[in-house]
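Visitor: next one to model:
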Amino acid sequence: MSAVIDINITPVSKTRVNNQSLENIAFGHVFTDHMLVANFANGEWQSIEIKPYQPISFEPSMAAIHYGQSIFEGVKAYKHPDGEVYISRPYDNFKRFNKSAERMQMPTIPEEIFIDGMKALIELDKHWVPSFKDHSLYIRPFMFATDAVLGVKPSETYSFIIILSPTGPYYSEPMRIYVEEKYTRAVTGGVGFSKNAGNYGASMYPTAKARELGYDQVLWTDAFEHKYLQEVGMMNVFFVINNIAVTPSLEEGTILDGITRSSALQLLQDMGIGVAERKISIDELMDAHKAGLVSEVFGSGTAATISLIKELKYKDYVMHFDTKSWTIAPALKNRLDAIRTGQTPDLHGWMVKI
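Guide: Numbering: from 1, shown residues only. Predicted structure coming up:
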């Protein structure tokens, strides 16, 4: 049970939502009226407030800019048929956020700020939650170092902020994926399992090179042999091989422990589909494809939900998939969407009412 949180709330005088169309809205371009801000100094979190969404003022010497102490999460909220708003699995995001904080030598955030603060913010801006198909309210909690001192050491001060963004589907069409064999996303002993800003910054150049070749994203491979498959772009990845949904194991700490990944594993089992979390190499995948055993490939993530992959290219070998004939990934997406939007009972207790 979290402690009672005291939040100073300064509401806007007039909402901006009437000036925005929430249908067919691009991901991450529009933000709601308010944001939550908390500051860490002298060993404690303080000055917790919800105020109008606004620019942030900071020193040019701010530590996060120079030394990369910056982490974030991605959460979503959905409007149910009765008009109530529910957040999908926020406690799992809370735990993962603090896991990232510990790895990046940052203070953990209390539950009452992360969860209760998130609820209070969404309650204030719940009229921004879209009710259209494949739409939701994207929730971005993030924390960054604020010491105005140059020096490679953990900051002593931090800001924690939550902003909200109504959004539509992230990937609307099946993707073409390039299997990366030169650049590396993460290495054992590194920070691949954490949602820190550096992981995403380092991925941009290889992704841009893949897009020059006509591909949407890259499928990362391990750092040592460029043989074992890891993540696809910003998502976890699943391969349906001989009717078993295989996803790379988390054991080496190079892959993000995706909340949607966890949901997918549970729902696949509910559907009677076998699942396996294990190492899988590109050679195994190609051999299975040549044998006609690879039936579906898809990514999972908070922003993308379940995204179909219609093509994989490794060296000169190209794997094509007829996504229109698939049954598992579309059924999985429909089940997950139905739970999130209140169309079917939430048997796993994932949805949290604000």
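
Visitor: what about residue 320, how many residues nearby?
Guide: Neighbour count of residue 320, defined by other C-beta atoms under 10 Å: 11. Where you see a C-beta, it was placed from the backbone N, CA and C, and this is true even at glycine.

Visitor: close enough to count as contact, it and residue 310?
Guide: Yes: using C-beta atoms under 8 Å, residue 320 is in contact with residue 310, at 7.0 Å.

Visitor: how near is the nearest residue to residue 194 once chain neighbours are set aside to residue 189?
Guide: Spatial nearest neighbour of residue 194, excluding adjacent residues (C-beta to C-beta, 6 or more residues apart in numbering): residue 100 at 3.8 Å. For residue 100, the distance to residue 189 equals 16 Å [C-beta to C-beta, to the nearest Å].

Visitor: so for these two, which sits in the more crowded spot?
Guide: More crowded of residue 100 and residue 189, by other C-beta under 10 Å: residue 100, with 23 against 9.

Visitor: separation between that one and residue 76?
Guide: 18 Å.

Visitor: in the sheet, who's paired with the closest residue in space to residue 158 that isn't next to it in sequence?
Guide: Closest residue in space to residue 158, ignoring its immediate chain neighbours: residue 40 at 4.2 Å, by C-beta to C-beta, 6+ apart. Per DSSP bridges, residues listed as beta-bridge partners of residue 40: residue 45, residue 158.

Visitor: likewise for residue 163?
Guide: residue 140.

Visitor: so it sits against residue 53, correct?
Guide: Yes: between residue 163 and residue 53 there is a contact at 6.7 Å, judged by C-beta under 8 Å.

Visitor: common neighbours of these two, please.
Guide: Counting by C-beta atoms under 8 Å, 6 or more residues apart in numbering, the common neighbours of residue 163 and residue 53 are 31-32, 35.

Visitor: quick one: the strands in the stretch 151-300 of the chain, in order.
Guide: Counting by DSSP state E, counting those that start in this stretch, the stretch 151-300 of the chain has these strands, from start to end: 158-167, 175-179, 217-221, 229-232, 236-241, 244-247, 274-277, 294-301.

Visitor: returning to what we had before: return the member of the shared contacts of residue 163 and residue 53 nearest to residue 267.
Guide: residue 32 (29.5 Å; C-beta to C-beta).

Visitor: in three-state terms, label that closest one for me.
Guide: Classification of residue 32 using DSSP: H, G, I helix; E, B strand; the rest coil returns coil.

Visitor: isn't it up against residue 125?
Guide: Yes: under the criterion of C-beta under 8 Å, residue 32 is in contact with residue 125, at a separation of 4.1 Å.
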